[in-house]
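Chemist: Okay, predicted coordinates and the sequence, questions at the end:
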Amino acid sequence: MRALTLLLALLQLQQLNQLLPFPLEQGPPLSPASVSGAVIDSQTKQPLAGVTVMAQGSGGLGGKLIAVTGNDGRFSFPSVPPGQYAIEASRAGYVSEMIGNPREDGLNGPILRVLNPGQVLSEVRVVLTPGGVITGRLTDEQGEAVAGSIVQAFRTIHRNGLRERAPVQSVISNDLGEYRFFMLKPGQYTIAISPPTGTFNFSIPLFYPGTIDANAATPIDLHVGETIERLDFSSIPTKNRRITGGVQGNGTDGVSVILSPVNGTAKKTVTITRDNPTPAFQFSDIVPGMYTLVAQNVDARALIPLDVRNTDLLGMRIIMGSGFKIPTRVRIEGHPPGDDPELEKLFFNIRPELPITGLEAQAYSPFADGHFILDLVKGDYWIDLARPENYYVKSITLEGVDVLNKGLQATNSVDGPMEIVVDSHVGEIQGSASGENVTVVLVPDAARRNQRPLYRSTKATNGAFRFQKVPPGDYKLFAWSESTIDNGGPWLDFEYLRKYEDRATPVRIQPEARTILDRPIPVF
Amino acid sequence: MVQGSFFAHGALYFSTRSMNILGIVLLLFQVQLGSLSGIVTKPGGTEPLSGATLTLSPAASSQALLPLGVTLGPGAPTQNPRVRTVTSQDDGRFVFADIEPGEYRLQVQSARFGSAAYGQRRPNGPGGAILTVRAGQRLSDLKIAMVPTGTIAGRITGRSGEPIVNASVQAMKYIYQEGKRVFSVAQMTTTDDRGEYRLFWLTSGKYIVVATPRFSSVNMGMPNPVKPGEGGRADSIILTVAPLGLVPDVLLDGSNLVKRILDDGTVQEESGTPMYYPATIDPTQAATVEVNVGATVPGIDITLGPSPVQKIRGRVTGLPAGSQATVSLSYGAQALLGRLINKGASTIDGSFEFAGIVPGLYYLAAQDRTGLASTPVAVLVGSRDVENISLALSPSMPVFVRFTTEGIAPGTPDPLSGLTGTLRADLDTPFGIGNLPTKTAVLPSGGPMIFTNVAPGDYQFNIGQSARENQKRLYIKSVRLGREDAFSKVRISSDTQNPTLDVVLTAATGSIDGAALARTGDPAANVTVALIPANARKRSALYQAIVTGSDGKFGFKEIPPGDYKLFAWEDVETGAWENAEFIGLYESRGHAVRVSEDSKENVQLNVIYNP
């Protein structure tokens, strides 16, 4: 570690020298490292010639070294100044690869190799996968080419058990309306364009084949080296919609009015104050589609679904403070009734069932007597305990309905109260999986699958795993090897879990007890 | 019919101008409002364009040309209540109703086709015609066609024909900077996995195409194209002053420098230098690609090969035994984002060498610790090492500047307080001028301005244009070095004794009004009038240019006293009049005019029509 610090200091000194008219005194040079290896094609397993291998010193230090593979696929850096490097192999038509272990989060980004003085890194094996290509053409309602639009490719990835869209490439449609994504990894993609809108460059993305609803986007499965052509966007709207309106009711000061497509993350925001002239808000250049409009300030909110497929919506009125009130009472299992300072330490997240941009989860904390009042706009919600960690939610009921597992449907104000019981008596489980680098996930039994805090995941590097502070009850253990899709996949997706359900290992967690599995669990 | 609207406009007008006029007076001035209508069409001129934004803004009678590199977006927000916008309908038609009489310019902007101005001579050109609306007049059937644009397409490959992916490709146009040719980036894109590119939305004209490899593992993505009529890119303000044309910052900050391990294990340093079509790293040798209106020019292919970095070697002469000289090398281009590319080398025996030099323009100078200094030298580095640069040391000296002022009212606080001066090397450079070596000095209170350690050579003296509040701007009227006129050029030779510049500054300026006349003898609207110094052609500050209004009139104010020539061109590239070769063609057709303190000249000019 100390050697590395010294190295970095030296490298910085070298850079400084370039800026100074006179070189500074330097110590004796450190003995160089060397790197060599070979590149093969993942499909043919044959050596790959003409691959550019670039070693780039991290943080802009140390410069860049380039070697190109010959017919034997081999490359060699006989003399590399010690330091931290990102080493990448690239060739036209192949997916570029960083040399080293993949990043844990499954995303692209520099993988740094530390090369120590005198270190010889030989027989580095790099496998390049032929890249995929997706092309298409953009035309408008009149069939004319749409040039200059931003076209983005998103790859479906999984993070913390959820499916996500990660942008991987962005191109511009040319004068013929054509776009081309290239050197893509195999996987599932969605394509979106930003249609040209008025004088502003920002617009709501339109997903292939032509919807602003991200959930309605057609996923495209791209295989190794495959070229998918003619993913065309036709009839791109040239006439955009306009939405105007005003805000009324309590607390109209400092209101943010947020417009977002249904199931989309893009948004346009207008902040208004009481002094604003009417109409208080205006959104122009809106691509036709289904939207959600959220208006909110510190003490009130309103939510309105909007259909702007065929018409402008002008002169809308948003009434603030029209939410539903639900009185709620919290108690801690085993604690006597009455004021309890422990209750004030609890924080609950009220999370909308469908993610709506602008309507993030709200946090509530009860008074010492355990009561608080929910104030919600119409919709379906889930209630989680955000903190502290040593408690879990045992039950939530409202007028005899199990809100904890079925969710809260806010459709009108109720007298309530909603009853929440939390408990601190948890258990733990430990065991092993038959394999290395395994993603182990603890999944609650079918009745409790909607309770996200009950899911636990870990990366069992040598096969062993352990989950602590687990609420009691029945669970199943799932284990995915690294070769399965990224990080074990979207295990919060019921459909995905169902495929592995019968191979999972059922377990029971007892309060104040440790469950130890005597046999390794199977890995998928 | 227009009565109601008149009240709205009229009331606002009078209430701001004269609060105490009785409302009833308004009724005595019934101004009849006019209207303006027409159609916008797509490139080609027949199909209507809907959804385009039309902006009608009041026009000054003549319009000053902006300095090089400054562009105003057509959609720049404005607070002027008389600026009106409408959107073209499905049939491409638009109407501005209830227009106050006056002169206007009409611009159109579309998300798809960029912008255009009514009556504009060429895209990105000056002006656009002025529309005069008289009381009650209805101007109809105005036609604005979006400009059909062209495309340059091709393929960028390596020496063995392999596609170069993610190479940066630019289409550039020549423009002028202080009379020298430089480049402005008109459009840029990147290559795909086949090495192919398309540069589109190009207005008709001649282009230089250049490709640059990008040695980076980070995919920087495709840049957004510039829409026609939007002017240069924001970053072209920097790029236009690069003497070797385009100098991407990857070259300036060294991030495009790589060390290539060759097959035999040797290391070759490369710069990733831009390659100009068809196959040169020297922009002055680049071929132009002509794009006609709406045309596609395919096959503009460029081969990128290894581009080794070069060395600059030379000798410092006149170095006394036992002394040590410092040779400094500075990149000729404007410092980008505050990064100055400077290198220094010290020498005892007089020889020096700079390695790892990216092709481009550099300035070299030497000095030692005893006060010897060399004249700065411009060095253009191309595809081979530069040898035998000679830097001759001779005694450097302080240059003193004494000021006298004219035209300043008695009792004015010291008009020279805090004045800055610059002494810029006057070097002949092949392409652009870039970042010429310049010394700066501040006038101390109670003493002369002093430039220290000035090496013998040619310079130009200028004063800083600091914005000093409530003070009239000062202009240089004359510069003398002893008995020599040093207005255009300050020549310091090694035998000059105590060089002292006598500078006369004046706050008294003259003005010229006039009109441009067409062949027919009618006023010539929308033509460019340039005022150029009769003799001191190297003093950029003396040049002014303006576009005439609909009445053909123009006016120049605040002209430093001196002899000038006036020209009016129907259509001319901005800045061309500072180019000696260009002005040589028209010299005899200029109208000579002498401007003295507080003079007001009136001139009639015949317009020069292009061949």
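Modeler: Received it, and whenever you're ready, just let me know what you need. Numbering: from 1, shown residues only, chains lettered A, B, ... in the order given.
Chemist: mind listing what the residue lying closest to residue B:518 once chain neighbours are set aside touches?
Modeler: Closest residue in space to residue B:518, ignoring its immediate chain neighbours: residue B:524 at 4.1 Å, by CB to CB, 6 or more residues apart in numbering or on different chains. (Each C-beta comes from the backbone N, C-alpha and C, glycine too.) By CB atoms under 8 Å, 6 or more residues apart in numbering or on different chains, the residues touching residue B:524 are B:516-518, B:548, B:552, B:568, B:570, B:607.
Chemist: For ChimeraX, write the selection for the buried entries among these.
Modeler: Those of those that count as buried under 16 or more other CB atoms under 10 Å in any protein chain shown are selected in ChimeraX with:
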select /B:516,517,518,548,552,568,570,607
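Chemist: element containing the residue of the stretch 251-400 of chain B found nearest chain A?
Modeler: Here the stretch 251-400 of chain B gets closest to chain A at one residue, residue B:344, 2.7 Å apart by CB to the nearest CB. Applying DSSP states H and E as the criterion places residue B:344 in strand B:342-347.
Chemist: Burial check on whatever residue of the stretch 1-150 of chain B ends up closest to chain A, number of neighbours?
Modeler: Taking CB to the nearest CB, chain A has its nearest neighbour within the stretch 1-150 of chain B at residue B:111, 3.7 Å off. Close neighbours of residue B:111, defined as other CB atoms under 10 Å in any protein chain shown, add up to 23.
Chemist: Is it correct that residue B:581 falls within a strand?
Modeler: No. Under DSSP: H, G, I helix; E, B strand; the rest coil, residue B:581 falls outside any strand and is assigned helix.
Chemist: Quick check: it vs chain A, distance?
Modeler: 35 Å (CB to the nearest CB, to the nearest Å).
Chemist: how far does stretch B:474-494 stretch from start to finish?
Modeler: Stretch B:474-494 has its terminal residues 32 Å apart, counting by CA to CA, to the nearest Å.
Chemist: buried sites along it?
Modeler: By 16+ other CB under 10 Å, the buried positions in stretch B:474-494 come out as B:474-481, B:486-490, B:492.
Chemist: Stretch B:148-166 now?
Modeler: B:148-158, B:163-166.
Chemist: Give me the pLDDT value at residue 6.
Modeler: Here I'm looking at chain A. In this prediction, residue A:6 carries a pLDDT score of 35.
Chemist: switch to chain B, that's the one I care about
Modeler: Reported pLDDT for residue B:6: 34.
Chemist: what do you get for the one 5 residues further on?
Modeler: Residue B:11 is assigned a pLDDT of 33 by the prediction.
Chemist: Repeat that for residue A:469.
Modeler: 90.
Chemist: Count the neighbours of the nearest residue to it once chain neighbours are set aside for me.
Modeler: Residue nearest to residue A:469 in three dimensions, not counting chain neighbours: residue A:426, with 4.7 Å by CB to CB, 6+ apart. Residues within reach of residue A:426, counting by other CB under 10 Å, total 19.
Chemist: I'd guessed the residue of the stretch 251-400 of chain B closest to chain A sits against residue B:326; true?
Modeler: Yes. Look at residue B:344 against residue B:326 with CB atoms under 8 Å: they come within range, at 5.7 Å.
Chemist: how about residue 280, what does it touch?
Modeler: All of this is about chain A. A:245-247, A:257, A:272.
Chemist: was after chain B, sorry
Modeler: residue B:286.
Chemist: And the helices in chain B, which stretches?
Modeler: Assigned helices in chain B, in chain order: B:3-17, B:23-26, B:236-239, B:249-252, B:580-586 (criterion: DSSP state H).
Chemist: Output the below-cut-off pLDDT ranges for the stretch 101-250 of chain A.
Modeler: A:101-112, A:196-203, A:250 (pLDDT under 70).
Chemist: and of the contacts of residue A:280, the nearest to chain B?
Modeler: residue A:272 (19.3 Å).
Chemist: Domains in chain B, by residue range?
Modeler: B:32-145, B:150-303, B:311-394, B:397-506, B:510-606 (automatic domain parsing).
Chemist: okay, how far is it across the last one, tip to tip?
Modeler: Using CA to CA, one end of domain B:510-606 lies 22 Å from the other.
Chemist: how about the residues of the stretch 251-400 of chain A near chain B?
Modeler: By CB under 8 Å from any CB of the partner chain, no residue of the stretch 251-400 of chain A approaches chain B.
Chemist: Could I get the full set of helices for the stretch 251-400 of chain A?
Modeler: Counting by DSSP state H, counting those that start in this stretch, one finds no helices in the stretch 251-400 of chain A.
Chemist: Minimum distance to chain B, which residue of it gives it?
Modeler: In the stretch 251-400 of chain A, no residue comes nearer to chain B than residue A:285, which is 8.2 Å away by CB to the nearest CB.
Chemist: Got phi/psi on residue B:537?
Modeler: Here is the backbone geometry of residue B:537 (degrees, to the nearest 10): phi -70, psi -20.
Chemist: What is the burial count for it?
Modeler: The burial count for residue B:537: 17, using other CB under 10 Å.
Chemist: what do you get for residue A:434?
Modeler: Using other CB under 10 Å, residue A:434 has 13 neighbouring residues.
Chemist: Give the rounded mean pLDDT of the strand holding residue B:344.
Modeler: Mean predicted lDDT for strand B:342-347 stands at 74.
Chemist: Locate the residue nearest to the spatial centre of chain A within the secondary structure: which element?
Modeler: A centroid search over chain A (CA atoms, centre = their mean) returns residue A:164, at 4.8 Å, as the residue closest to the centre. Element membership for residue A:164 (DSSP H and E) is strand A:162-172.
Chemist: Give me the contact list for that strand.
Modeler: By CB under 8 Å, 6+ apart, strand A:162-172 touches A:107-108, A:148-158, A:179-182, A:184-185, A:189-190, A:214, A:490, A:492-493, B:189, B:192, B:219, B:221-225.
Chemist: Now the element after it, going C-ward?
Modeler: Taking DSSP H and E, what comes next after strand A:162-172 is strand A:178-184.
Chemist: buried ones in whichever helix or strand comes after that next one?
Modeler: Heading C-terminal from strand A:178-184, the first helix or strand you meet, by DSSP H and E, is strand A:187-194. For strand A:187-194, the neighbour count (16+ other CB under 10 Å) marks A:187, A:189-194 as buried.
Chemist: same thing with stretch B:567-575?
Modeler: B:567-570, B:572-575.
Chemist: can you pull the contacts of residue B:506?
Modeler: Residue B:506 neighbours (CB under 8 Å, 6+ apart): B:405-407, B:474-475, B:477, B:560-561, B:597.
Chemist: now with 6 Å?
Modeler: B:406-407, B:475, B:477 (CB atoms under 6 Å, 6 or more residues apart in numbering or on different chains).
Chemist: What is the nearest of those to chain A?
Modeler: residue B:475 (37.4 Å).
Chemist: partner residues bridging the closest one?
Modeler: residue B:506 (DSSP bridges).
Chemist: quick one: buried residues of stretch B:265-276?
Modeler: For stretch B:265-276, by 16+ other CB under 10 Å, it's B:269-276.
Chemist: cool, and stretch A:280-296?
Modeler: Residues of stretch A:280-296 classed as buried: A:280-281, A:283-296 (neighbour count, 16+ other CB under 10 Å).
Chemist: before we move on, what about stretch A:510-524?
Modeler: Buried residues in stretch A:510-524, counted by 16+ other CB under 10 Å: A:515, A:520-521, A:523-524.
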